[in-house]
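# sharing a model that was predicted from the sequence below.
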Amino acid sequence: MIKQLSLAIALSVLSFNGFSQISIIPKPVELKVTAPGKLLELNPSTRVVTAQSSLRPSADFLNSYLQEFYGFQLEGSSSKSNSSTIHLSLKRSSGASKEGAYTLSVENNTVKIAGNDEAGVFYGIQTLIQLLPVKSAGSSVKVPFVTIKDEPRFAYRGAMLDVGRHLFPVSFIKKYIDYLALHKLNYFHWHLTEDQGWRIEIKKYPKLTEVGAYRNGTIIGRFPGKGNDGKRYGGFYTQNEVKEVVAYAAKRYITVIPEIEMPGHSSAAIAAYPELSCFPDETTKVANGTTWSGPATGKHVQQAWGVFEDIFAPTEKTFKFLEDVIDEVIALFPAKYIHIGGDEAPKDNWKRSPFAQQLIKEKGLKDEHGLQSYFIQRMEKYINSKGKTIIGWDEILEGGLAPNAIVMSWRGEKGGIEAANQNHNVIMTPGSHVYLDWSQLGPDKGDSVTIGNKNTVRNSYSYEPIPKELDASKAKYVMGAQANVWTEYMKTPEKVQYQIFPRLTALSEVFWSPAQGRNWDEFVPRLQKQFERYDLWKVKHGPMNNEK
Ligand code: ACM
């Protein structure tokens, strides 16, 4: 392994004309070292010129990065005639090049970043940040003379965070968004509602957060757990906090997509409003083999992980509730997309419910899967009427796909292939490669407790979002791919960091860079450099695992 690594490092140094400093992830489409050995100094008298005022967020991001990690900032303007300049501009190119495309050049006394759009300039800034030496003493840094032409392969480059199982402070949500930004990702999928907690303030339904945001305890350790900690756990994001997060992300050219789960994963909403259940008077079922804390009867927020039978009843009351919730959500999130879940909704309760059975007959539906399809299509119609598009997990294919839905393919690639073949847009998120809750080492190999399975960084890096089985004419329906971070076994920000790094870094290259040219051995030395950046950022990270 050591031999292999040093060979790879030597190769990469050679390929960059001796500039071991150049180590950019995701790998740019084109990079040339224009004057080997020459370096441009950036220091507090470097001027930052923004040709358009809309480019300020990019200049601000660079300055706050320099301040936080190098202890100095660049001047907006400087009277020193020989000071270097960073010039940011928009250069809308004629048609061909993609959203987010940019060029970057470091030449005599100037760094020029020209973006096809504002996001492109921001991505140029991320590349410039990676041209900086990781370690630097004093108030200056030097960058090599290069020209770079770059653009993203996929329009959708996402990462999801589940805040239902465990909750993270707004300060960490912002850090998470920064991690996405540093990797040129552009969608943050915020999984806000779960069986174990409802996490977004909805003013019309205050019990969602008064009741639904708290559980009376949590199982201890790996499911089914060694008992229950008996501690009340929970919290939620106020609408003001949500707005703050959305605005923070927007300055980083990241769109926040909210997920409101339906019809399953709804125990917390049902605990708040039992009438949303087919069986309001039935006691919440405790997961097999787990220990419960607190009152043993009535509806409660779940305390263990898994899939639960108590799902939304398909009644007018439920639809009105969900439409009201969606109204408040749409007012908070400018995203074109609203994720409505749709996964893991057991049909047991609908089978037992005379109301649900009657509805199946009345609507001429085939079965309970048909009813789920009716449920999702009805919500889609409502959400479409507000000018938004729904995203759903691949179960929304069962019983018939809603006409305009985007499918998130998580149970492997099958759902994505099926949806693309029906001319629907898809986002690939197969568990096998992009689930960052999976162990990086293999189960019980020192990762502390995880959900299990095995997904090494090398395995994530090997992922190809366009499935081989998909006809070339349908590949255009693959909008991109996303890393998913389910947090049953992540109680702290540090554990989230450990789980996402380095795999998120590997996936950023899968999502951004051209497929041809992706090579693990060439990637390894660049990833080694990224480990130094993790240290600079003071983030925890998982291992460099060379195993497939
Ligand atoms: C999922 O992992 N249940 C989408």
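Arrived safely. All of these numbers come straight from a predicted model, not from anything done at the bench.

# going forward, measure contacts between C-alpha atoms and count neighbours the same way
OK.

# what residues does the stretch 251-400 of the chain have near the ligand?
Within the stretch 251-400 of the chain, the positions adjacent to the ligand are 343, 393 by Cα under 6 Å from any ligand atom.

# and if we set it to 8 Å?
Taking Cα under 8 Å from any ligand atom as the criterion, the neighbours of the ligand within the stretch 251-400 of the chain are 341, 343, 344, 393.

# give me the phi and psi for the third one.
Backbone torsions of residue 344, given as degrees, to the nearest 10, read phi 40, psi 60.

# export stretch 116-136 to CSV, keeping only CA atoms.
Presented in CSV, the C-alpha positions along stretch 116-136 are these (Å, rounded to 0.1, in the frame of the first residue of the first chain):
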residue,chain,number,x,y,z
ASN,A,116,-20.6,31.8,-17.0
ASP,A,117,-22.8,32.9,-14.1
GLU,A,118,-22.4,33.9,-10.4
ALA,A,119,-22.1,30.3,-9.3
GLY,A,120,-19.3,29.8,-11.8
VAL,A,121,-17.3,32.6,-10.2
PHE,A,122,-18.0,31.0,-6.8
TYR,A,123,-16.6,27.6,-8.1
GLY,A,124,-13.6,29.5,-9.4
ILE,A,125,-13.0,30.8,-5.9
GLN,A,126,-13.2,27.2,-4.5
THR,A,127,-10.6,26.2,-7.0
LEU,A,128,-8.4,29.2,-6.0
ILE,A,129,-8.8,28.1,-2.4
GLN,A,130,-7.4,24.7,-3.3
LEU,A,131,-4.4,26.4,-5.1
LEU,A,132,-3.4,27.9,-1.7
PRO,A,133,-0.7,26.0,0.2
VAL,A,134,-2.4,24.2,3.1
LYS,A,135,0.2,25.5,5.5
SER,A,136,1.4,29.0,5.4
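
# where does residue 76 land on pLDDT?
The per-residue pLDDT reported for residue 76 equals 70.

# same check on residue 97?
Model confidence at residue 97, given as pLDDT, is 74.

# redo the residues of the stretch 251-400 of the chain next to the ligand as a markdown table? Include secondary structure, neighbour count and pLDDT.
Rendered in a markdown table, the data for those read as follows (DSSP: H, G, I helix; E, B strand; the rest coil; neighbours: other Cα atoms under 10 Å; pLDDT from 0 to 100):
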| residue | secondary structure | neighbour count | pLDDT |
| --- | --- | --- | --- |
| 341 | strand | 25 | 98 |
| 343 | coil | 20 | 98 |
| 344 | coil | 18 | 98 |
| 393 | strand | 24 | 98 |
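
# with respect to residue 158, which of the residues you listed is nearest?
Residue 158 has its nearest neighbour among these in residue 393, at 14.5 Å by Cα to Cα.

# give me the number of residues near the residue lying closest to residue 303 once chain neighbours are set aside?
Using Cα to Cα, 6 or more residues apart in numbering and skipping the chain neighbours, the partner closest in space to residue 303 is residue 218 (4.7 Å). One way to gauge burial is a neighbour count; for residue 218, by other Cα atoms under 10 Å, it gives 24.

# contact partners of stretch 211-227?
Outside of stretch 211-227, the residues that reach it under the criterion Cα atoms under 8 Å, 6 or more residues apart in numbering are 196-199, 228-236, 268-272, 287-294, 300-305, 449-451, 489.

# same thing with stretch 499-516?
Under the contact criterion Cα under 8 Å, 6+ apart, stretch 499-516 has outside partners 25-29, 151-154, 156-157, 183-185, 434, 436-437, 439-440, 456-458, 460-465, 480-481, 483, 485, 527, 531, 540-544.

# same question for stretch 305-324.
Residues outside stretch 305-324 that contact it (Cα under 8 Å, 6+ apart): 195-196, 204, 223, 262-267, 270, 276-278, 284-285, 287, 344-350, 356, 375, 379, 382, 488.

# which of those residues are buried?
In the contacts of stretch 305-324, burial by neighbour count holds for 195-196, 223, 262-267, 270, 276-278, 284-285, 287, 344-347, 349-350, 356, 375, 379, 382, 488, counting by 16 or more other Cα atoms under 10 Å.

# look at residue 443 and report its pLDDT.
Reported pLDDT at residue 443 in the predicted model: 72.

# wait, doesn't it sit right on residue 450?
Yes - with the criterion set as Cα atoms under 8 Å, residue 443 and residue 450 qualify as a contacting pair; they are 7.4 Å apart.

# these two: which is more packed in?
Of the pair residue 443 and residue 450, residue 450 is the one with more neighbours under other Cα under 10 Å, namely 23 against 16.

# A helix includes that one, no?
No - according to DSSP: H, G, I helix; E, B strand; the rest coil, residue 450 belongs to no helix; its state is coil.

# which residues does it contact?
Counting by Cα under 8 Å, 6+ apart, residue 450 makes contact with 222, 437, 438, 439, 443, 489.

# in terms of pLDDT, where does the residue nearest to the last one when sequence neighbours are not counted sit?
The spatial neighbour of residue 489 that comes closest, neighbours along the chain excluded (Cα to Cα, 6+ apart), is residue 450 at 5.5 Å. Note on residue 450: pLDDT of 93.

# can you list contacts of stretch 480-490?
If you take Cα under 8 Å, 6+ apart as the criterion, stretch 480-490 is touched by 154-166, 222, 305, 426-429, 434-437, 449-451, 465, 496, 500, 504, 507, 511.

# chain center to that stretch: distance?
Between the centre of stretch 480-490 and the centre of its host chain there is 7 Å, according to Cα atoms, centre = their mean, to the nearest Å.
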